[in-house]
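Student: generate coordinates for the sequence data below:
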Amino acid sequence: MQTIINLFRSNMREYGMVIALVLITGLFFVLSDGINLTPLNLTNLILQNGFILVLAVGMVLVIITGNIDLSVGSVVAIIGAVAGVLIINNNVPVWLAVILALLAGALIGVWQGFWIAYVGIPSFIVTLAGMLIFRGLTLYLLDGQSLAPFPDSFQKISSGFLPDVFGSGGLHLTTIILSIILSIVLVYLEFSKRKTQIEYQFDVVPLWVTLAKLAALIFVINWFAYQLALNKGIPTVLVIVFLLIIIYTFIMKNTIMGRHVYATGGNKKAADLSGIKTKRVVFWVFVNNGVLAALAGLMFAARLNSATPAAGNMLELDAIAAVFIGGASMAGGVGTVIGSIVGGLVMGVMNNGMSLISIGIDWQQFIKGLVLLIAVGFDVYNKRKG
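Tutor: Modelled structure (predicted):
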């Protein structure tokens, strides 16, 4: 029992937010008479929040290093404008325009990363300036007007679905098969991890706890997949987010780069003394964030089917809120990719649920701000208690 208590305490941030997500979902299930968990609404929830989750993945790395990026909403806007000018005005092929837009995002990251990492200007100031600069450039590129429509192939970035290669109508069998495969992989990874811990004589939770956790996780995955299969299957957006989760979770947990990111945010001076090139780490984190913000910008433009000057407005706050709600620390050195995704889902479920029960935008903003304040307050409380 003590092992279970210690496990919960050491993972209180992540477990707490997962529990909060379940409770919030349950609350809106009751208040909306179950509408929030219908297949159509679950699909819409993914499509509406995919770009925020992508932004959250990039933002969590920035915040772990002890920095912040206020410009990602404006980057979303300018990348949409770049895509619109290239594709709609100049008939550039979609695949080439996507590559050029991602390169533009990388260049934005290089610009901001240089000033922050090598010149030493605080990230708050640099990215605040970037927020204004890139919004102004967006207005210039679009001449204050919207560009539309994008071709169907571009729209599929945000509105497409995986084809059902195993079915011919009705239930989307490909989605069901992929969920079963994912369940098998998760079981294998969990028991492989447990075996390694036992071999190295680490403390492990009782077997029944592992089995209970796996059973709950597998149930949620397959139930969710079944609901998607009842509609159109797995959205392209979900595939993008899933791949990013796998890639960045692996980087942060299993690579030298990931350890350097945590070390830079945890204690920059100690990291410098240990030989870590912290300036280079911060620089590349901002380049990475620029690329992911560009990807989110493409997804946002594809969903709107237009490039607009107001695109991405306030998205930086949603991304930052998702990361902090997901357990990241303002002081840096703490945070996970999975946590930021859970935080993003909490924000998405709240937005969706409040809209379903017709709560006004004024109260929605109030409640979201209150949730963010409570999440950060919880972090401060834990630090003082520790």
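Student: how near is the nearest residue to N231 once chain neighbours are set aside to I198?
Tutor: Spatially, and ignoring its direct neighbours in sequence, N231 is nearest to P39 (4.1 Å; CB to CB, 6 or more residues apart in numbering). C-beta coordinates here come from the backbone N, C-alpha and C atoms, glycine included. To I198, P39 is 41 Å away according to CB to CB, to the nearest Å.
Student: who has more neighbours, those two?
Tutor: Neighbour count, other CB atoms under 10 Å: between P39 and I198, P39 has more, with 15 against 11.
Student: need the contact list for that one.
Tutor: By CB atoms under 8 Å, 6 or more residues apart in numbering, the contact list for P39 reads 227-228, 230-231.
Student: phi first, then psi, for A311.
Tutor: Phi and psi for A311, reported as degrees, to the nearest 10, are phi -60, psi 140.
Student: now do the contacts for G50.
Tutor: 158, 235, 237-238, 240-241, 299.
Student: may I ask which of those residues comes out lowest in pLDDT?
Tutor: pLDDT across the contacts of G50 is at its lowest for S158, which sits at 91.
Student: count the residues that sit near it.
Tutor: Residues near S158, counting by other CB under 10 Å: 23.
Student: go on, the one 4 residues further on?
Tutor: Counted with other CB under 10 Å, the burial measure for L162 works out to 17 neighbours.
Student: ditto for A129
Tutor: 15.
Student: checking it next. Helix, strand or coil?
Tutor: For A129, the assignment made with DSSP: H, G, I helix; E, B strand; the rest coil gives helix.
Student: now it: how far from G120?
Tutor: A129 is 15 Å from G120, by CB to CB.
Student: same check on I24?
Tutor: 41 Å.
Student: one more: N267?
Tutor: 18 Å.
Student: between those two, which one's more packed in?
Tutor: N267 (16 against 8).
Student: so what's the closest residue to the more buried one other than its chain neighbours up against?
Tutor: For N267, ignoring the flanking residues on the chain, the nearest one in space by CB to CB, 6+ apart is G333 at 7.3 Å. Residues near G333 by CB under 8 Å, 6+ apart: 64, 66, 262-263, 265-267.
Student: how about Y188?
Tutor: Applying CB under 8 Å, 6+ apart, no residues contact Y188.
Student: just the element for it, please.
Tutor: Counting by DSSP states H and E, the element that carries Y188 is helix 173-199.
Student: and the angle for the helix or strand that comes right after that helix with helix 173-199?
Tutor: Next in sequence after helix 173-199, counting helices and strands by DSSP H and E, comes helix 207-230. Put simply, helix 207-230 runs at 160 degrees to helix 173-199, going by axes from the mean of the first three to the mean of the last three CA atoms, to 10 degrees.
Student: wait, is S158 part of a strand?
Tutor: No: S158 is assigned helix when assessed by three-state DSSP, not a strand.
Student: ok, it touching M299?
Tutor: Yes: under the criterion of CB atoms under 8 Å, S158 makes contact with M299 at 4.8 Å.
Student: now list whatever residues contact both of these two.
Tutor: Counting by CB under 8 Å, 6+ apart, the residues touching both S158 and M299 are 50-51, 237.
Student: of those, which belong to strands?
Tutor: Nothing among these maps onto strands, per DSSP state E.
Student: so where does the spatially most central residue of the chain fall, helix or strand?
Tutor: Geometric centre of the chain, nearest residue: L53, 2.5 Å, by CA atoms, centre = their mean. Using DSSP H and E, L53 falls within helix 39-64.
Student: now that helix: buried residues?
Tutor: Counting neighbours by 16 or more other CB atoms under 10 Å, one finds that the buried residues in helix 39-64 are 41-43, 45-64.
Student: so for the helix holding Y188, mean pLDDT?
Tutor: pLDDT averaged over helix 173-199 gives 93.
Student: and that helix, which residues are buried?
Tutor: Residues of helix 173-199 classed as buried by neighbour count (16+ other CB under 10 Å): 173-179, 182-183, 187.
Student: residues near I125, how many?
Tutor: Per other CB under 10 Å, the neighbour tally for I125 reads 12.
Student: check it and give its pLDDT.
Tutor: Reported pLDDT at I125 in the predicted model: 97.
Student: which residues are contacting the host helix or strand of it?
Tutor: Counting by DSSP H and E, the element that carries I125 is helix 123-142. Contacts with helix 123-142, where a contact means CB under 8 Å, 6+ apart, come from 62, 67-71, 73-75, 77-78, 80-82, 84-85, 108, 111-112, 115-116, 286, 307-309, 311, 316.
Student: stretch 246-263 now?
Tutor: Counting by CB under 8 Å, 6+ apart, 57, 61, 64-65, 270-271, 274, 276, 278, 281, 284-285, 333, 336-338 sit against stretch 246-263.
Student: quick one: buried residues of stretch 110-128?
Tutor: By neighbour count, with 16+ other CB under 10 Å as the criterion, the buried positions of stretch 110-128 are 111-117, 123, 126-127.
Student: mind putting those into JSON lines with distance to I357?
Tutor: Output for the buried residues of stretch 110-128, formatted as JSON lines (distance: CB to CB, whole Å):
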{"residue": "W111", "distance to I357": "43"}
{"residue": "Q112", "distance to I357": "39"}
{"residue": "G113", "distance to I357": "42"}
{"residue": "F114", "distance to I357": "47"}
{"residue": "W115", "distance to I357": "44"}
{"residue": "I116", "distance to I357": "42"}
{"residue": "A117", "distance to I357": "45"}
{"residue": "S123", "distance to I357": "38"}
{"residue": "V126", "distance to I357": "40"}
{"residue": "T127", "distance to I357": "35"}
